[in-house]
Each structure stands twice: as structure tokens, then as C-alpha cells.
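> Take a look and give me a structure for this.
(one chain, ligands or ions: 1)
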Amino acid sequence: MPWSISTMDHQRRVYSNILELAANVDNPTPLVRLNRVVNFKHAVVYGKLEWFNPFGAVKDRVAANLVQDAEARGQLGPDTRLVEPTSGNTGMALAMIANAKGYRFTATVSNKVPQEKRDSLRLFGTQLFELEDDLCPAPGAPEGAIAKAAELGNEQGSFHLNQYKNPANPEAHFRTTGPEIWRQTGGAVTHFFASLGTCGTVTGTGRFLKQQNSKVKVYGVHPAAGHDIPGVRALKQLEQTAIFAPAEYDGLVEVSNGDAYEMCRRLNQEESIIAGPSSGMGLSGALRTIPDEPGVVAVVIFCDDAFKYASSIRKHLPSLFPGKPQQTSLAGPLASILDLARKSSDVLDAKSAHTFLETTRNSSLVDVRSLEEYEKQHPQGALNIPLADLAKGEPALLSADKDTPILTVCKVGERSLHGMLLLKAQGYRNVKSVAGGLDSWLAAGLPTSRT
Ligand SMILES: Cc1ncc(COP(=O)(O)O)c(C=O)c1O
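Numbers count the residues shown, from 1 in each chain. You can find the predicted model right below:
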């Protein structure tokens with residue numbers, strides 16, 4: 001008799017197809033108790049290790065359900081091109097599911113997503129559009145990753161899965177993550193924490209756990225504005241995500257870059273758990289919130305491992321790399337100059353920037369993007385001086401008076417920071433930059449023009 005083995009044997013971990021590894025209540029990702037980074041006398045805390053999913057992250061669950069749901073609704077043909085904006089993990093899982101099922105896959109990503117993730121997407125066979133956007137694609141950004149995916153998804157033979165709005169996203173967690181945690185803790189879980197991106201994890205898992213026991217406390221952990229933690233969103237961006245349901249959570253916890261990366265380091269070095277930065281963020285927020293009381297059993301989602309974030313870790317934990325300067329020795333100090341500028345009082349939100357223009361005499365608004373971008377749409381009254389021209393010095397379009405009030409603007413507020421610093425370096429004393437760029441300008445309902 002030929003050798004045969006029953007398929008989908010979770011006990012022996014033998015499978016006939018990689019997709020059978022998908023996590024569910026019969027094949028859960030591990031829950032591991034944390035022993036050294038937790039100082040509680042009574043409360044116990046578990047991390048749920050989501051890199052045990054077949055493609056390496058919590059988003060495997062969502063990708064599988066988005067595709068299954070679209071198939072069940074008859075929305076996909078045999079050669080459909082799936083399209084999705086991604087901060088990396090959803091795209092990586094979709095790429096592999098598309099390969100396994102015979103679909104094509106196109107991802108739109110921000111050019112600030114770690115290089116390691118963009119490289120992996122290409123390795124997995126993804127057609128990749130890299131766009132200027134926030135670290136996590138910003139809903140509402142007219143030329144960002146989400147808008148581009150919507151545009152591509154409308155093309156013949158394409159389908160935009162839309163994890164930011166699609167109920168199949170939280171449903172994946174309602175069907176798998178929640179039941180796994182309930183069963184793994186024997187119904188003893190009292191507190192649940194997830195870091196917030198699309199909010200599928202916190203909303204879907206939280207709904208399931210509260211349905212089993214309405215006393216379970218559910219918390220979302222988010223980074224501070226201007227953060228550098230891939231995959232997650234600060235509060236202002238969360239409000240634009242349809243699956244963010246704060247009324248259903250017991251609280252939101254904010255964590256700084258520093259605390260997130262330090263907890264990531266401690267998880268790796270003290271617990272021997274290979275968690276990445278957003279796991280460090282989730283745990284840091286959880287440890288501040290969990291009451292140290294008898295009977296408390298907390299579960300924190302550890303979304304993915306550290307390996308995709310080598311460049312971010314190098315940047316945020318420089319003491320780990322003594323004597324190994326960054327690629328150019330000025331990269332660190334220059335990043336610090338930009339960080340300081342970003343937090344300075346010279347960066348104005350769109351409304352204050354508009355007031356600044358209206359109330360200062362002889363002010364100039366300078367759009368530092370390319371002519372092509374400027375021509376499509378720009379804040380009303382803006383001049384166009386692309387960054388490369390500003391860098392040449394003494395811009396002819398500006399007054400020679402170094403006290404002239406100048407406001408720089410771009411698409412999301414990054415290039416305009418460079419522009420502001422370049423002008424200051426040329427002696428202009430009253431230069432400010434628009435936080436969030438044209439995207440925020442539009443969100444604030446301020447006027448624009450096209451040429
Ligand atoms: C590394 C990482 N952490 C956290 C999250 C947030 O998960 P969710 O989108 O379910 O809120 C994501 C989402 O892509 C992620 O990639």
C-alpha cells in the first residue's frame with residue numbers, strides 16, 4: 001500500500017497544502033506566559049505569538065477571510081487581480097494566498113514602510129506601487145496608497161478587498177483569534193490588548209470575548225502622533241478607519257516610540273520572544289493598564305516578529321549597535337534634526353497655517369512638491385518651488401527680505417519640513433511648515449486650485 005497520511009493533522013503538523021496551516025481554534029497560535037518583564041504579584045500576562053501564522057503575522061487571518069468572503073460572494077474570477085493598500089503584513093499574506101490560489105496581486109504601499117517588507121512583497125511576486133504616504137496608509141489621502149488601491153480596484157478584472165472597511169476583517173478575528181483565546185485560557189481571560197492599525201484585531205476579538213463574558217475588558221493600544229512604529233496608527237488617523245469602534249472598548253492607551261522599542265528589546269532579550277515593535281507597544285500599554293489583582297488573566301497580541309524591522313530597530317535602539325554607524329554617519333543626526341523640527345512650534349496644523357497666511361502681511365505659501373503634483377492640486381495661492389530648487393539656494397520667486405513670513409507645504413508634511421529647514425539654512429527667519437500637508441489642508445476644508 002502506498003505511503004499515505006491523513007491531511008490536516010494538527011497533532012503531527014502534516015499538511016497537504018500551506019493554506020491548511022491557517023490558525024483557528026483547532027490550530028491556535030501559541031499563548032506564552034511572560035515571566036520577566038512582568039512584575040505583578042497576582043495578575044498573569046500572556047503574549048499570543050502571531051508569527052506562527054503561515055505567512056508570519058496576525059494579518060494572515062484577515063487576508064484569508066477577505067479572499068474567502070469575496071469568493072463566497074462571487075466577486076472573484078479565476079484570474080482576478082486582487083488589489084490592497086497595506087502597511088506590509090496584509091499584503092504579504094495576500095501575496096501568498098494569491099500565489100496559492102492562482103490570483104494576481106497588486107499592493108499599494110507607503111514609501112515609508114520598512115524596506116524589508118517592501119522587498120519581501122516583491123520576493124512574494126507582488127506588483128508593487130510605492131507612494132508618498134504616511135507610514136500606515138492614510139485614509140482620505142487623495143494620492144496615497146488607499147486612494148490608489150481604490151482606483152486600481154475599479155479597473156476591469158481587478159478587485160479591491162478593502163481591509164479598512166470590509167466587515168470580513170474583524171470577522172476573521174471573531175471567528176478565529178477570539179475563540180482561540182477563549183479556549184486556550186479555559187474562559188479565564190479577563191483583559192485583552194491589541195495594537196491598533198485597521199482595528200480588525202481589537203474589534204473582532206473584543207466582540208467575541210465580550211459575547212462570552214461581558215466582564216472581559218478590551219483595550220486598544222496606539223502610538224503617539226508622529227510615531228515610527230510600522231503597522232499601527234496614531235489616534236488622529238484611527239478616527240478615519242471604519243473598523244475603529246472605541247465605544248466597544250474599555251479604553252485606549254497611548255505609548256511612545258521609546259517605550260515601544262524598549263519593550264521590544266526586553267521581550268527579545270529577557271523573555272527570548274522574537275516579537276517586533278508593535279508587540280512591544282501593545283505590551284507596554286498593557287502593563288500600565290492591567291490591575292495587579294487575583295484572578296486577572298491578560299492576553300496581549302504579538303502581531304509579528306522582529307526580523308522585518310531591522311532598519312527601524314537600528315534607528316530606535318542605537319545603543320545595540322556600538323561602533324556600527326548608520327550607512328552615512330550623518331543619518332542619525334539628520335533624522336534627529338527632522339524629529340526636532342517636526343515637534344517644534346514652527347509646524348502648524350492646517351487651520352492655524354491658513355490663519356497665519358491670512359494674518360501676516362506679504363506672506364508666501366510655498367508648495368515644495370514636483371510641478372506635476374502641484375499642477376494636479378495645491379493649496380490656493382501657493383507658489384511652486386520644488387525641493388531640489390530650494391536646495392540650490394536663493395529662490396528667485398521669494399522676496400530677498402529674510403523676515404518674509406513663509407509657509408511650506410507638501411502632500412503629507414514631510415518634504416515641507418525639509419523645505420522649511422532649507423529656507424532657515426538660507427537665513428529666512430520666519431518659516432513655518434503645514435503639518436499633514438495637502439491631505440490635512442483638504443481634510444480641514446481649506447481652498448485648493450489646479451493649474
Ligand atoms: C505589525 C502590525 N501590528 C499591528 C497591526 C494592527 O492590526 P489591526 O490592523 O488588526 O488593527 C498591524 C496591521 O497591519 C501590523 O502589521
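> by contact count, what packs against the lowest-mean-pLDDT helix or strand in the chain?
For the chain, scoring each helix and strand by mean pLDDT, DSSP states H and E identifies helix 331-343 as the least confident one, at a mean of 82. Counting by 3 or more Cβ pairs under 8 Å, 6 or more residues apart in numbering; DSSP states H and E, the packing neighbours recorded for helix 331-343 are helix 415-425. In short, each C-beta sits where N, CA and C put it, glycine included.
> mean confidence for the following helix or strand past the helix it packs on?
Beyond helix 415-425 on the C-terminal side, the first helix or strand identified by DSSP states H and E is strand 431-434. The predicted model gives strand 431-434 an average pLDDT of 96.
> Please name the nearest non-neighbouring residue to residue 148.
Using Cβ to Cβ, 6 or more residues apart in numbering and skipping the chain neighbours, the partner closest in space to residue 148 is residue 108 (4.4 Å).
> Against residue 281, how distant is that neighbour?
Here the criterion is Cβ to Cβ, to the nearest Å. By it, residue 108 lies 24 Å from residue 281.
> So which of those two has more stuff around it?
Set side by side, residue 108 and residue 281 give different neighbour counts by other Cβ atoms under 10 Å, the larger being at residue 281 (31 against 27).
> got a list of what that one touches?
195, 221, 223, 229, 232, 255, 259, 260, 263, 264 (Cβ atoms under 8 Å, 6 or more residues apart in numbering).
> which SSE is it in?
helix 277-289.
> quick check, that helix touching the ligand?
Yes. In this structure, helix 277-289 sits against the ligand according to Cβ under 6 Å from any ligand atom; the contacting residues are residue 278.
> buried sites along that helix?
Neighbour counts over helix 277-289 (16 or more other Cβ atoms under 10 Å) mark 277, 278, 279, 280, 281, 282, 283, 284, 285, 286, 287, 289 as buried.
> buried sites along stretch 151-168?
By neighbour count with 16+ other Cβ under 10 Å, stretch 151-168 contains the buried residues 152, 153, 158, 159, 160, 161, 162, 163, 164, 166, 168.
> residues contacting residue 219?
With contacts defined as Cβ under 8 Å, 6+ apart, the neighbours of residue 219 are 191-194, 202, 249-253, 285-286, 289.
> Quick check on it: phi, psi?
As for residue 219, its main-chain torsions (degrees, to the nearest 10) stand at phi -130, psi 140.
> would residue 193 count as being in a strand?
Yes. Membership of residue 193 in a strand is supported by DSSP: H, G, I helix; E, B strand; the rest coil.
> Hmm, residue 221 and it touching each other?
Yes. Taking contact to mean Cβ atoms under 8 Å, the distance of 5.9 Å between residue 193 and residue 221 places them in contact.
> Neighbour count for these two, which is higher?
For residue 193 versus residue 221, the count of surrounding residues by other Cβ under 10 Å is larger for residue 193: 31 against 27.
> Just the closest of the buried residues of stretch 151-168 to the ligand, please.
Within those, distances to the ligand taken as Cβ to the nearest ligand atom reach their minimum at residue 163, with 7.1 Å.
> so who does that closest one touch?
Residue 163 sits next to 62, 66, 84, 86, 90, 169, 198, 200 when contact means Cβ under 8 Å, 6+ apart.
> Residue 67 too?
So residue 67 contacts 76, 82, 94, 97, 98, 101, 103, 161 (Cβ under 8 Å, 6+ apart).
> Also residue 231?
If you count contacts by Cβ under 8 Å, 6+ apart, then residue 231 has 87, 88, 89, 136, 195, 197, 278, 303, 304 around it.
> So it, which state does it fall into?
For residue 231, the secondary-structure state derived from three-state DSSP is coil.
> same deal with residue 252?
Once three-state DSSP is applied, residue 252 turns out strand.
> Can you spell out which residues form a bridge with it?
Taking DSSP bridges, one finds residue 220 as the beta-bridge partners of residue 252.
> in terms of contact, does it touch residue 244 like I think?
No. Because the distance of 9.7 Å does not satisfy Cβ under 8 Å, residue 252 is recorded as not touching residue 244.
> out of these two, which sits in the busier spot?
residue 244 (25 against 17).
> Could you pull up phi and psi at the more buried one?
The main-chain torsion angles of residue 244 are listed as degrees, to the nearest 10 and equal phi -70, psi 120.
> How about residue 66?
Geometry field for residue 66 lists phi and psi as phi -60, psi -40, criterion degrees, to the nearest 10.
> quick one, what contacts it?
Neighbouring residues of residue 66 by Cβ under 8 Å, 6+ apart: 84, 94, 161, 163, 166, 168, 169, 172.
> Kindly recompute the last result at 7 Å.
For residue 66, the contact set (Cβ atoms under 7 Å, 6 or more residues apart in numbering) comprises 161, 163, 166, 168, 169.
> Show me what residue 195 bridges to in the sheet.
What pairs with residue 195, by the bridge criterion (DSSP bridges), is residue 221.
> correct me, but it touches residue 304?
No. Residue 195 sits out of contact with residue 304 when judged by Cβ atoms under 7 Å, with a separation of 10.5 Å.
> which other helices and strands contact the helix or strand hosting residue 182?
Under DSSP H and E, the secondary-structure element containing residue 182 is helix 177-184. The helices and strands touching helix 177-184, judged by 3 or more Cβ pairs under 7 Å, 6 or more residues apart in numbering; DSSP states H and E, are helix 200-212.
> Give me the mean pLDDT for the helix it packs on.
Mean predicted confidence for helix 200-212 is 98.
> Got the domain ranges for the protein?
Domain ranges of the chain: 18-324, 345-449, per automatic domain parsing.
> Can you tell me which of these is packed in deepest?
Comparing the domains of the chain by mean neighbour count (mean count of other Cβ atoms under 10 Å), domain 18-324 ranks first with a mean of 20.
> Helix or strand for the residue in the stretch 51-200 of the chain that the ligand sits nearest to, just tell me which one.
Each residue of the stretch 51-200 of the chain has a distance to the ligand, by Cβ to the nearest ligand atom, and the smallest belongs to residue 197, at 2.8 Å. Using DSSP H and E, residue 197 is not contained in any helix or strand.
> For it, give me the pLDDT.
According to the prediction, residue 197 has pLDDT 96.
> Surely it is in contact with residue 88?
No. Judged on Cβ under 7 Å, residue 197 makes no contact with residue 88 at a distance of 10.2 Å.
> Let me know the average pLDDT across stretch 44-52.
Rounded to a whole number, the mean pLDDT of stretch 44-52 is 98.
> ok, residues contacting it?
By Cβ under 7 Å, 6+ apart, the surrounding residues in contact with stretch 44-52 are 29-34, 38, 57-58, 181, 273, 275, 279, 283, 286, 290, 297-305.
> Would you mind naming what in the stretch 201-350 of the chain lies close to the ligand?
Within reach of the ligand by Cβ under 6 Å from any ligand atom, the stretch 201-350 of the chain has these residues: 201, 231, 232, 276, 278, 303, 304.
> No further questions, thank you.
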